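1. coordinates only, sequence not included:
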């Protein structure tokens with residue numbers, strides 16, 4: 001039987017089946033799309049949940065940032081209305097809520113009551129500049145509230161959105177502690193400077209005696225051995241003055257205030273002083289000093305002689321410290337730089353312990369001593385080489401060092417100096433031997449001249465009067481500023497030598513008061529000071545003095561001053577009057593006093609020692625100590641104790657001097673308990689020394 005397979009497409013049944021198949025395919029497609037849509041919806045839900053979690057997380061951290069941010073931060077829109085602030089803001093201002101900030105407050109209203117109006121005005125002006133595209137550097141502002149001060153660093157920055165300025169961030173960084181620390185540092189620096197100045201004065205006072213008494217020995221003594229020793233003392237004292245200034249100079253170098261004072265250089269004298277000081281240091285060592293000086297060095301040089309000596313003393317002293325055997329070779333050569341200048345080349349070579357290669361880069365650092373384990377017994381602050389380097393560079397030169405560990409070191413430097421005379425100096429050994437022991441000779445007198453010397457220290461008065469004695473000048477003494485004013489009212493003086501640092505009224509104030517008196521404007525007033533820093537001459541002149549002399553007073557400087565300021569008609573050329581010499585006498589023994597110590601402080605001058613002993617016993621501080629103690633005036637007590645301390649040491653009463661020092665420091669530090677416990681015993685000891693001196697005479 002044959003089956004008919006032909007499809008009748010017009011058959012309604014067939015068409016229905018075909019339509020069903022089509023519908024089934026569409027259904028499957030819709031189901032698939034629905035599944036994909038469902039999955040997409042699920043993914044969108046997951047994404048939305050993730051975004052929401054991240055937003056909440058970001059909001060949380062933003063809130064925490066604003067809560068914990070230590071400084072005041074204000075974020076504004078373009079119209080300078082607040083968007084948000086750190087929570088520190090609410091510590092400064094009450095009555096403003098976070099909603100107020102979110103809703104937008106003007107910056108001026110926000111900061112009103114927190115900052116002064118003028119500070120807000122400046123801030124608003126700067127905000128306008130920043131919105132306008134200008135840059136405003138961070139700046140400091142200060143706030144005063146209830147007696148308390150706060151300092152802040154104000155920084156303004158733009159906020160951008162799609163390259164458009166959308167607003168600003170205004171940040172107030174608290175700098176109160178930093179500013180306070182800086183102010184304390186500045187105060188400490190000032191205190192350090194004052195301390196150094198005062199210490200310089202204290203050290204220079206005995207140096208004044210050393211230089212003055214040495215000059216007397218050179219002038220009056222006929223003993224060649226004594227003159228040799230005096231010449232060495234004089235050279236060493238000159239050099240010591242420069243060393244004292246090292247500490248002061250370092251502070252000035254650090255602050256950029258050190259100035260070079262150029263003048264004609266006494267070349268032979270300068271080099272001889274340096275050599276003498278170095279040889280004195282080598283006395284207890286088996287080390288020789290070899291000087292190799294180029295004979296073609298120009299005889300006329302112009303520069304800062306004191307600073308050149310400082311450099312040489314520092315470098316030669318360094319060689320002495322670290323050399324125990326062998327020799328130190330000091331070599332100087334010169335080379336013509338141009339028609340007006342030469343370059344002086346100097347080297348100091350030693351056979352000492354040397355420097356490790358890794359330490360060479362730190363050798364010129366401040367307060368540094370290399371190889372400290374090996375050199376722990378060597379004294380020094382580590383300033384010498386640092387100062388030397390700075391000074392060499394200020395003089396247009398360079399300094400270098402080379403070394404072989406355990407075999408020695410070479411320091412080399414050069415200086416650019418102006419030449420005033422190209423004539424060669426010649427043989428240094430001959431020139432040095434000619435000048436080394438020469439005492440300064442006075443070649444004029446002024447017996448009709450009247451000079452007033454003002455100084456609170458009796459020893460300084462004695463020394464200055466002794467320096468003036470060969471000129472035959474009539475000297476009037478004053479021990480205070482007020483006393484000098486009274487003497488000026490009564491007499492006319494050709495020159496007034498005025499000490500700077502004095503109690504009650506210092507020399508500057510006394511000078512100014514004299515200037516206001518009849519005839520005071522024309523008076524010649526010369527400042528005397530132990531604080532002889534670079535530029536001091538100009539400073540004293542600008543304050544009203546006619547001139548300036550540094551302590552210890554050099555005879556040559558005094559001679560030049562007298563020549564310049566004494567009336568010409570009162571100067572008589574030719575040698576001065578007869579010289580005087582100390583008598584070979586002996587002071588009766590006083591158990592409380594070490595005569596050798598007293599003579600040491602008087603540089604062996606028995607006449608001066610006897611004079612100081614007499615004054616010590618006659619002019620005492622007993623009444624000052626008693627009255628200030630009764631009135632509990634501890635500043636006056638400190639001044640009186642200070643006087644007893646210094647004068648007691650001058651006569652050799654070291655024990656009493658030490659006790660006076662303790663009382664002085666107790667008064668200075670407010671330790672009234674110590675003063676009350678020791679006052680009576682201190683006075684009893686003081687009276688005992690005074691009575692012993694009186695009984696022995």
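-> Alright, I've got the coordinates. Everything numeric in this text was worked out from a predicted model, so none of it was measured. Numbers count the residues shown, from 1 in each chain.
2. when you work out contacts or count neighbours from here on, use the C-alpha atoms and nothing else.
-> Fine.
3. which residues of the stretch 101-250 of the chain fall in helices?
-> Taking DSSP state H, counting those that start in this stretch, the helices of the stretch 101-250 of the chain run over residues 107-111, 117-131, 176-220, 224-255.
4. same check on the stretch 451-600 of the chain?
-> Using DSSP H, counting those that start in this stretch, helices in the stretch 451-600 of the chain cover 458-468, 481-490, 507-515, 536-543, 555-565, 595-601.
5. do the same with the stretch 251-400 of the chain
-> For the stretch 251-400 of the chain, applying DSSP H, counting those that start in this stretch gives helices covering 267-281, 305-321, 384-394.
6. quick one: buried residues of the longest strand along the chain?
-> Looking across the chain with DSSP state E, the single longest strand is strand 408-424. Within strand 408-424, the residues scored as buried using 16 or more other Cα atoms under 10 Å are 408-419, 422.
7. thinking again about what came up before, and of the helices of the stretch 451-600 of the chain, who's closest to residue 271?
-> Of all those, helix 555-565 sits nearest to residue 271, with 17.6 Å by Cα to Cα.
8. ok so, going back, the helices of the stretch 451-600 of the chain: which one's closest to residue 142?
-> Taking those one by one with Cα to Cα, helix 536-543 is closest: 34.8 Å.
9. avg pLDDT for the closest one?
-> If you average the pLDDT over helix 536-543, you get 78.
10. now that helix: how far from the chain's centre is it?
-> Distance of helix 536-543 from the chain centroid (Cα atoms, centre = their mean, to the nearest Å) equals 19 Å.
11. I'd like the helices of the stretch 451-600 of the chain laid out as TSV, including distance to residue 91 and mean neighbour count.
-> Converted to TSV, the helices of the stretch 451-600 of the chain look like this (distance: least, Cα to Cα, whole Å; neighbours: other Cα atoms under 10 Å):
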stretch	distance to residue 91	mean neighbour count
helix 458-468	64	20
helix 481-490	57	17
helix 507-515	51	20
helix 536-543	51	14
helix 555-565	67	15
helix 595-601	67	18
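12. can you pull the pLDDT of the closest residue to residue 313 other than its chain neighbours?
-> Distances taken as Cα to Cα, 6 or more residues apart in numbering place residue 274 nearest to residue 313, at 6.3 Å, with adjacent residues excluded. For residue 274, the pLDDT comes out at 83.
13. kindly report the same for the one 4 residues further on.
-> Per-residue confidence at residue 278 stands at 82 (pLDDT).
14. what is the burial count for it?
-> Number of residues near residue 278 (other Cα atoms under 10 Å) recorded here: 20.
15. ok, it - contacts?
-> 289, 313, 316, 317, 320 (Cα atoms under 8 Å, 6 or more residues apart in numbering).
16. before we move on, the earlier item: which of the helices of the stretch 101-250 of the chain comes out lowest on mean pLDDT?
-> Among the helices of the stretch 101-250 of the chain, helix 224-255 carries the lowest mean pLDDT, at a mean of 67.
17. distance check, residue 162 against residue 626.
-> 84 Å (Cα to Cα, to the nearest Å).
18. of these two, which one has the most company?
-> Using other Cα under 10 Å, the more surrounded residue of residue 162 and residue 626 is residue 626, with 16 against 6.
19. the more buried one: which element?
-> Take DSSP states H and E as the rule and residue 626 turns out to sit in helix 622-630.
20. and the helices of the stretch 451-600 of the chain: which comes nearest residue 127?
-> When those are compared by Cα to Cα, helix 536-543 sits nearest residue 127, at 45.9 Å.
21. just give me the neighbour total for residue 323.
-> 23.
22. how about it, nearest residue that isn't a chain neighbour?
-> Leaving aside its sequence neighbours, residue 323 sits nearest to residue 352 (Cα to Cα, 6+ apart; 3.9 Å).
23. quick one, phi/psi of that neighbour?
-> Backbone geometry at residue 352, expressed as degrees, to the nearest 10, gives phi -90, psi -150.
24. still on that earlier bit, switch the helices of the stretch 251-400 of the chain over to CSV; also include distance to residue 483.
-> Converted to CSV, the helices of the stretch 251-400 of the chain look like this (distance: least, Cα to Cα, whole Å):
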stretch, distance to residue 483
helix 267-281, 39
helix 305-321, 35
helix 384-394, 42
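25. from the contacts of residue 278, which is closest to residue 505?
-> Nearest to residue 505 among these, with distances taken as Cα to Cα, is residue 313, at 37.4 Å.
26. pretty sure the closest one is touching residue 276, no?
-> No - Residue 313 is beyond contact range of residue 276, at 10.5 Å (criterion: Cα atoms under 8 Å).
27. those two: who's more crowded?
-> Neighbour count, other Cα under 10 Å: between residue 313 and residue 276, residue 313 has more, with 23 against 19.
28. distance from the chain centre to the helix of greatest length in the chain, please.
-> Within the chain, and with DSSP state H defining each element, the longest helix by residue count is helix 12-68. Here the centre of helix 12-68 is set off from its chain's centre by 78 Å, with Cα atoms, centre = their mean.
29. right, and the helix or strand after that helix?
-> Remark: after helix 12-68, the chain's next helix or strand is strand 72-77, criterion DSSP H and E.
30. need the next SSE after that next one, C-terminal direction.
-> Assignment by DSSP H and E places the next element after strand 72-77 at strand 82-85.
31. name the helices or strands packed onto the first helix or strand past that next one going along the chain?
-> Moving toward the C-terminus from strand 82-85, the next helix or strand (DSSP H and E) is helix 88-92. Under the contact definition 3 or more Cα pairs under 8 Å, 6 or more residues apart in numbering; DSSP states H and E, helix 88-92 sits against strand 72-77.
32. how far out from the middle of the chain is the strand it packs on?
-> Taking the mean of its C-alpha atoms, strand 72-77 sits 44 Å from the chain's own mean (Cα atoms, centre = their mean).
33. just the angle between it and helix 12-68, please?
-> Angle between the axes of strand 72-77 and helix 12-68 is 140 degrees (criterion: axes from the mean of the first three to the mean of the last three Cα atoms, to 10 degrees).
34. strand 72-77 pairs with which strands, parallel or anti?
-> In the sheet, strand 72-77 lines up against strand 82-85 (antiparallel), strand 164-174 (antiparallel) (DSSP bridges).
35. who's in contact with the shortest one?
-> When contacts are defined by Cα under 8 Å, 6+ apart, strand 82-85 is touched by residues 66, 72-77, 98, 101-107.
36. could you redo the last one with a cut-off of 10 Å?
-> 63, 66-67, 69, 72-77, 98-107, 109-110, 167-171 (Cα atoms under 10 Å, 6 or more residues apart in numbering).
37. tell me the average confidence for that strand?
-> Taken as a whole, strand 82-85 has a mean pLDDT of 88.
38. PyMOL command to pick out the buried ones of the contacts of strand 82-85?
-> Buried subset of the contacts of strand 82-85, written as a PyMOL selection, criterion 16+ other Cα under 10 Å:
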select buried, resi 66+72+73+74+75+76+77+101+104+105+106+107+110+167+168+169+170+171
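39. gap between residue 550 and residue 528?
-> 6 Å.
40. hey, what's in contact with both of those two?
-> Common neighbours of residue 550 and residue 528 (Cα under 10 Å, 6+ apart) are residue 499.
41. of those two, which one has the most company?
-> Counted by other Cα under 10 Å, residue 550 and residue 528 do not tie: residue 528 has more neighbours, with 25 against 20.
42. I figured the more buried one hits residue 546, correct?
-> No - the pair residue 528 / residue 546 is not scored as a contact, 11.4 Å apart, by Cα atoms under 10 Å.
43. one step back: mind checking how far the residue nearest to residue 313 is from residue 349?
-> According to Cα to Cα, residue 274 and residue 349 sit 16 Å apart.
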